[in-house]
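**Q** sequence first, then the predicted structure, then my questions.
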Amino acid sequence: MFLAICAKNDLPTIQGTYSHVISIWDATVGEQAAIEIEQHFPQSKRFVCLFDDIIDGEGVLPSLEILTECLEFARGAESILIHCKAGISRSTAIAYAILCEHAGPGREAECFEKLLTLRPVAYPNRLLVELADDYLGRKGAMVRENKKRRMSRYMNGASDDDL
């Protein structure tokens, strides 16, 4: 499986074709998201998700339903492009879940390393990682790896806003 991650603004510059595209948009975007993605990737199977990049509070939270739909959509895909607004949090969390499901238990650190090679600015949404960890039965391994990487970035100068 070939996996790529990008930001929404990168879509017009994406080269090549993908068998599957997971397109993550803010909840308020609605139907326009599907139209725009179809224009960029008319030959690809497309899955549009509408939820906000939050872990609590106001807005549409990431959910187990969204996560499982993304994982089901990705199963058996030859190549997948995943994007969200910035290509940092939501898309990388979904990509991390896909990589972990594909690799199997015990390889969470290896999957995070792979994620960082695909998208060095990866900062996976904590709620999505928690949901994926539970759904995939990883007993906290994905959460611990994500937390470890977040703390490493914080210790290396990232601000609280970056976390």
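**A** Noted; the coordinates are in hand. Numbering: from 1, shown residues only.

**Q** against which helices or strands is the helix or strand bottoming out on mean pLDDT in the chain packed?
**A** Taking mean pLDDT, DSSP states H and E as the measure, the helix or strand of the chain with the lowest value is helix 141-155, at a mean of 82. Under the contact criterion of 3 or more CB pairs under 8 Å, 6 or more residues apart in numbering; DSSP states H and E, helix 141-155 touches helix 90-103, helix 108-118, helix 126-135. For every residue, glycine as well, the C-beta is placed using N, CA and C.

**Q** dump these to JSON lines, plus mean pLDDT.
**A** Formatted as JSON lines, the helices and strands packed on helix 141-155 follow (pLDDT from 0 to 100):
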{"stretch": "helix 90-103", "mean pLDDT": "98"}
{"stretch": "helix 108-118", "mean pLDDT": "97"}
{"stretch": "helix 126-135", "mean pLDDT": "98"}
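
**Q** can you redo those helices as CSV with mean neighbour count and distance to residue 59?
**A** Putting the helices and strands packed on helix 141-155 into CSV (neighbours: other CB atoms under 10 Å; distance: least, CB to CB, whole Å) gives the following:
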stretch, mean neighbour count, distance to residue 59
helix 90-103, 25, 12
helix 108-118, 17, 25
helix 126-135, 22, 12
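
**Q** next, count neighbours for residue 68.
**A** By other CB atoms under 10 Å, the residues close to residue 68 number 14.

**Q** coming back round to it: can you say which of the helices and strands packed on helix 141-155 is nearest to residue 64?
**A** Nearest to residue 64, of all these, is helix 126-135, at 5.2 Å by CB to CB.

**Q** what's the closest one packed up against?
**A** Packed next to helix 126-135, using 3+ CB pairs under 8 Å, 6+ apart, are helix 64-74, helix 90-103, helix 141-155.
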